[in-house]
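Participant: I would like to see how this sequence folds:
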Amino acid sequence: MVRFNRWQRQWIIVIAFIGLCALGVMMVSAQSGYPTRQGTYINDYAELLTPETTASIQAMLTDLGRNNGIEMTVVTIHSISDYATGDTTIESFATHLFNRWGLGDAQTNKGVLLLVALRERKVRIELGRGYDSSYDKKAQDVINEFILPAFRNEDYVRGIDKGVKGTIHALTGSWPPGGEPSILDDPNLPGILGVGAILGLGLVGFGTYQYYRHRCPGCGKSSLSISSNVLQYPTYSSAGEKEIQRYCSNCGFQDTRLVMMAMLTVSDSSDGDSSSSSSSSGGGSSDGGGASGSW
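Facilitator: From the prediction side, this is the model:
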């Protein structure tokens with residue numbers, strides 16, 4: 001039997017105490033519970049986005065909230081296992097995080113969460129209760145067509161950016177400015193037409209679109225600038241109004257027209273029982289709708 005003198009016993013106690021402290025720090029560092037929300041639209045814990053892309057996505061999601069009443073946020077994490085939540089799948093983590101943060105409005109439940117778990121190599125678009133099951137297919141199409149092809153090339157910036165734009169289109173029917181997919185985004189065309197043909201068609205199509213969109217009705221030149229300004233945002237009791245202004249720098253032609261914005265509506269699906277999945281912050285909630293993908 002090994003015997004220790006008084007000094008040795010004291011050193012053993014000190015070492016054991018230090019070891020317990022280190023273990024406690026390690027347990028705390030493996031975060032208990034879900035991450036704390038840092039931003040309304042971007043929570044890039046895995047640091048995948050560039051400052052330029054972050055600013056661009058934030059602008060798009062700000063407009064989405066103002067013009068369509070949809071609150072969407074992007075979340076990137078290193079791993080689900082970094083958080084002591086008990087979740088073993090990205091689906092359960094996304095649903096619980098969505099409800100913990102209370103994404104969207106409690107009346108409409110139109111919140112959206114785009115979650116990327118880097119180490120698991122999984123992505124999830126979680127939808128609020130206000131979307132019926134047909135939107136699950138739309139979310140899956142966004143993941144398959146816009147996000148996964150870029151992620152498989154380790155291009156997370158492009159995948160997230162295109163995923164946000166694709167989600168906005170899937171939910172509203174309109175692309176954000178500059179978000180329309182080009183011919184070059186079709187993965188099947190290179191083998192059919194060849195890269196040169198695609199570039200040619202893309203340039204011709206883009207040039208034709210730009211020409212007719214900005215062609216001045218006064219002088220016929222492609223010098224028309226177009227801007228819009230929301231005069232009154234839509235609410236649940238009244239429609240909104242947007243002003244479209246056109247001006248030609250060549251001949252001075254200008255006109256203004258008003259466009260009505262549809263009144264916000266409350267979905268019937270948001271009236272169901274929410275006792276098990278309700279938001280802890282009083283906002284919107286999700287019952288697990290959406291889609292997932294792996295790369």
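Participant: Only C-alpha atoms from now on, for both contacts and neighbour counts.
Facilitator: Will do.
Participant: mind showing which ranges of this protein have poor pLDDT?
Facilitator: Residues of the chain that meet the criterion pLDDT under 70 lie in 1-32, 182-213, 228, 230, 232-242, 259-282.
Participant: Can you spell out the domain ranges of it, please?
Facilitator: Following automatic domain parsing, one finds the domains of the chain at 1-30, 42-185+287-294.
Participant: between those domains, which one is nearest to residue 251?
Facilitator: Among the domains of the chain, domain 42-185+287-294 comes nearest to residue 251, with 26.1 Å by Cα to Cα.
Participant: can you give me the end-to-end distance of the closest one?
Facilitator: Its start and end residues considered, domain 42-185+287-294 measures 21 Å (Cα to Cα, to the nearest Å).
Participant: if we can go back for a sec, can you say which of the domains of the chain is packed in most?
Facilitator: domain 42-185+287-294 (a mean of 19; mean count of other Cα atoms under 10 Å).
Participant: Let's have the domains of the chain in CSV, adding distance to residue 245.
Facilitator: What follows is those, written out as CSV (distance: least, Cα to Cα, whole Å):
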stretch, distance to residue 245
domain 1-30, 53
domain 42-185+287-294, 16
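Participant: So which of those domains is nearest residue 223?
Facilitator: Closest to residue 223 of those, according to Cα to Cα: domain 42-185+287-294, at 18.7 Å.
Participant: any idea where the helices of the chain begin and end?
Facilitator: 6-29, 51-68, 90-101, 134-142, 148-151, 156-172, 189-193, 195-213 (DSSP state H).
Participant: which one of the domains of the chain lies closest to residue 244?
Facilitator: domain 42-185+287-294 (14.4 Å).
Participant: Nearest to residue 229 among the domains of the chain would be which one?
Facilitator: domain 42-185+287-294 (11.0 Å).
Participant: burial measure for the closest residue to residue 218 other than its chain neighbours, as a count.
Facilitator: Distances taken as Cα to Cα, 6 or more residues apart in numbering put residue 253 closest to residue 218, at 6.1 Å, once the chain neighbours are dropped. For residue 253, the count of nearby residues is 14 (other Cα atoms under 10 Å).
Participant: give the contact list for residue 253.
Facilitator: Neighbouring residues of residue 253 by Cα atoms under 8 Å, 6 or more residues apart in numbering: 216, 218, 246-247.
Participant: From residue 221, how far out is it?
Facilitator: Distance from residue 253 to residue 221, by Cα to Cα: 11 Å.
Participant: How about residue 121?
Facilitator: 50 Å.
Participant: same question, residue 153
Facilitator: Separation of residue 153 from residue 221 (Cα to Cα) stands at 42 Å.
Participant: Pairing-wise in the sheet, spell out the partners of the closest residue in space to residue 44 that isn't next to it in sequence.
Facilitator: Residue nearest to residue 44 in three dimensions, not counting chain neighbours: residue 76, with 4.9 Å by Cα to Cα, 6+ apart. Beta bridges link residue 76 to residue 44, residue 116, judged by DSSP bridges.
Participant: Residue 76 reaches residue 41, doesn't it?
Facilitator: No: at 11.6 Å, residue 76 and residue 41 do not qualify as touching, with contact defined as Cα atoms under 8 Å.
Participant: How about the contacts made by the residue nearest to residue 130 when sequence neighbours are not counted?
Facilitator: In this structure, residue 130 finds its nearest non-sequential neighbour in residue 109, 4.6 Å apart by Cα to Cα, 6+ apart. The contact partners of residue 109, by Cα under 8 Å, 6+ apart, come to 103, 128-131, 267, 270, 284-286.
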